[in-house]
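> Dropping the sequence and predicted coords here.
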Amino acid sequence: MDYCRREQLPISVQCYPFTHDSQSCSAIKKRGYSLPIPPTIPYLVPPSIPSQEPYIQIIEEPTNKIIRFRYECEGRTAGSIVGMSSTPTKKTYPTIKICNYNGPVVVVITCVTVDQPYLQHPHKLIERGETNNSRFGSFVKRLRPDQRILELQFGIQCVKRSDVRHSLLQRQQRNIDPFNVGFDHLNNLALINLYQLRLCYQAYIKVDNNYVSLDPVVSSPIYGKSNELTITRLCCGFSKMSGGDEIIMLCDKVSKNDIRIRFFETNDEGDVVWEADATFQNQDVYKQMAIVFRTPRYRNPEVRHIVQVQLQLVRPSDGATSEPRPFEYYPNPAVLEHVDNLVNNNNEPLDLVISSSISEKEPISDVLLAKNHLKTKHTLHHYYEQHCQHQRF
């Protein structure tokens with residue numbers, strides 16, 4: 001029974017459909033490779049295989065220690081998964097080898113569930129400082145003709161529970177399904193364990209003008225921290241640029257001696273461009289369920305428009321973090337005083353002041369929004385949108 005899988009891979013290597021094709025199998029046999037009967041259940045580590053058959057061999061498994069998965073909003077800072085034999089003095093990483101084959105190889109790695117059947121897992125693989133190899137949650141690498149061993153240095157980017165469906169739908173649309181088990185788990189997302197997964201290794205070897213898939217192999221389980229911190233509610237989601245505003249946070253199971261509140265800002269590439277900690281004392285942590293803190297000063301307190309940042313809880317002892325929450329910084333009161341003078345001196349209606357300020361290239365709508373806080377937020381945005389149809393900054 002022929003079992004090899006044939007595929008003409010696109011240049012972008014974005015989808016990986018599998019089909020049985022006897023012509024491709026014949027092409028492999030002509031090159032001197034023999035084909036075994038396929039196993040009925042995918043195996044974790046290749047069993048004893050005759051030396052002439054190409055296959056994927058796991059040389060170094062990922063660590064069995066609990067690691068921390070990173071959120072997307074934390075930027076491309078996911079630490080690399082270390083290998084099982086890694087030590088503080090000598091780092092190792094998950095490593096695979098393509099055995100008994102010489103020629104072009106495309107390696108594809110995705111996250112799958114721990115238990116069989118190996119379903120696609122919503123979490124993503126991300127390479128630090130690299131964008132070309134990470135696509136739709138998978139890691140794709142073209143090996144050089146003389147390269148047979150691949151050491152993998154990437155991290156795991158966790159997907160929020162609310163984004164699990166979208167992540168899986170992306171894989172389904174691109175037919176990323178190594179074991180052809182489908183996506184029925186889309187109908188029962190609550191059963192997906194977000195803190196356990198395996199790595200699935202695939203390799204495509206080139207035979208004539210076609211790419212043929214070797215049997216996929218999965219790694220040992222990888223475990224993420226399940227005792228993540230949680231922010232339940234904030235009494236206020238904004239602060240002035242100079243900081244110092246008092247805010248009450250409701251949270252869950254925090255230790256007053258082992259907790260930080262981190263504010264941070266990222267750019268369009270996901271890199272952290274600013275971060276600072278809120279200030280509070282041990283006595284400001286109430287029964288592990290609430291923290292009263294003061295906001296840190298923004299990096300440029302003279303900014304005269306709203307700045308979107310994020311905040312999260314951080315546990316220094318193990319590096320655990322909560323899911324980040326959005327937060328806004330507004331212009332300082334000195335800017336608001338300037339607006340008051342502008343309104344009082346001109347003695348004009350609010351909409352005329354906004355119109356005049358826009359023409360003078362002053363972000364007055366943001367300033368007024370800061371002054372009136374949430375009560376008139378929607379009204380001011382309405383004024384701003386109306387006038388900006390005719391005048392732009």
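Looks like it came in fine.

> Quick one: the strands in the stretch 1-150 of the chain, in order.
Along the stretch 1-150 of the chain, the segments classed as strands by DSSP state E, counting those that start in this stretch run 5-7, 55-60, 70-71, 95-99, 105-112, 124-126, 134-135, 138-143, 149-151.

> Can I get these in CSV including mean pLDDT?
Shown next, in CSV, are the strands of the stretch 1-150 of the chain (pLDDT from 0 to 100):
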stretch, mean pLDDT
strand 5-7, 49
strand 55-60, 95
strand 70-71, 76
strand 95-99, 95
strand 105-112, 94
strand 124-126, 89
strand 134-135, 68
strand 138-143, 91
strand 149-151, 93
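
> Nearest to R165, out of those?
strand 124-126 (14.4 Å; Cβ to Cβ). Where you see a C-beta, it was placed from the backbone N, CA and C, and this is true even at glycine.

> circling back: looking at the strands of the stretch 1-150 of the chain, which is closest to Y204?
Comparison of those against Y204 by Cβ to Cβ identifies strand 105-112 as nearest, at 4.4 Å.

> what's the angle between that closest one and strand 95-99?
Here strand 105-112 points in a direction 140 degrees away from that of strand 95-99 (axes from the mean of the first three to the mean of the last three Cα atoms, to 10 degrees).

> Strand 105-112 packs against which elements?
Secondary-structure packing of strand 105-112 (3 or more Cβ pairs under 8 Å, 6 or more residues apart in numbering; DSSP states H and E): strand 95-99, strand 124-126, strand 138-143, strand 196-207.

> Backbone torsions only: list them for H166.
phi -60, psi -40 (degrees, to the nearest 10).

> where does it sit relative to G137, distance-wise?
Applying Cβ to Cβ, to the nearest Å, the value for H166 to G137 is 11 Å.

> Out of the two, name the residue with the larger neighbour count.
Between H166 and G137, counted using other Cβ atoms under 10 Å, G137 has the larger neighbour count: 22 against 11.

> how about that one, what does it touch?
T110, C111, P122, H123, K124, L125, S167, Q170, R171, I176 (Cβ atoms under 8 Å, 6 or more residues apart in numbering).

> what's the neighbour count on the closest residue to the second one other than its chain neighbours?
Using Cβ to Cβ, 6 or more residues apart in numbering and skipping the chain neighbours, the partner closest in space to C111 is H121 (3.9 Å). Around H121 sit 28 other residues, with neighbours defined as other Cβ under 10 Å.

> L234 too?
So L234, with other Cβ under 10 Å, has 16 neighbours.

> contacting residues around the closest residue to it other than its chain neighbours?
The spatial neighbour of L234 that comes closest, neighbours along the chain excluded (Cβ to Cβ, 6+ apart), is M249 at 5.5 Å. Neighbour list for M249: I231, R233, L234, C235, I261, A290, I291, V292, F293 [criterion: Cβ under 8 Å, 6+ apart].

> close enough to count as contact, Y298 and V307?
Yes: if you go by Cβ atoms under 8 Å, Y298 and V307 touch, sitting 6.5 Å apart.

> For the two, indicate the residue with more neighbours.
Shown here are Y298 and V307; by other Cβ under 10 Å, Y298 has more neighbours (22 against 17).

> quick one: the more buried one from E265, how far?
Taken as Cβ to Cβ, the span from Y298 to E265 is 9 Å.

> which residues are common contacts for these two?
Common neighbours of Y298 and E265, counting by Cβ under 8 Å, 6+ apart, are W274, V307, V309.

> Direction included, what does the strand or helix carrying the first one pair against?
Assigning secondary structure by DSSP states H and E places W274 in strand 272-277. As defined by DSSP bridges, the strand partners of strand 272-277 come to strand 260-266 (antiparallel).

> Format the CA atom coordinates belonging to the partner strand as PDB.
Backbone C-alpha positions of strand 260-266 (Å, rounded to 0.1, in the frame of the first residue of the first chain) are rendered in PDB as follows:
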ATOM      1  CA  ARG A 260       4.100  44.300  40.200                       C
ATOM      2  CA  ILE A 261       1.800  46.400  38.000                       C
ATOM      3  CA  ARG A 262       3.600  47.000  34.700                       C
ATOM      4  CA  PHE A 263       2.600  49.700  32.200                       C
ATOM      5  CA  PHE A 264       4.000  49.300  28.700                       C
ATOM      6  CA  GLU A 265       3.600  50.600  25.100                       C
ATOM      7  CA  THR A 266       4.500  48.800  21.900                       C
END
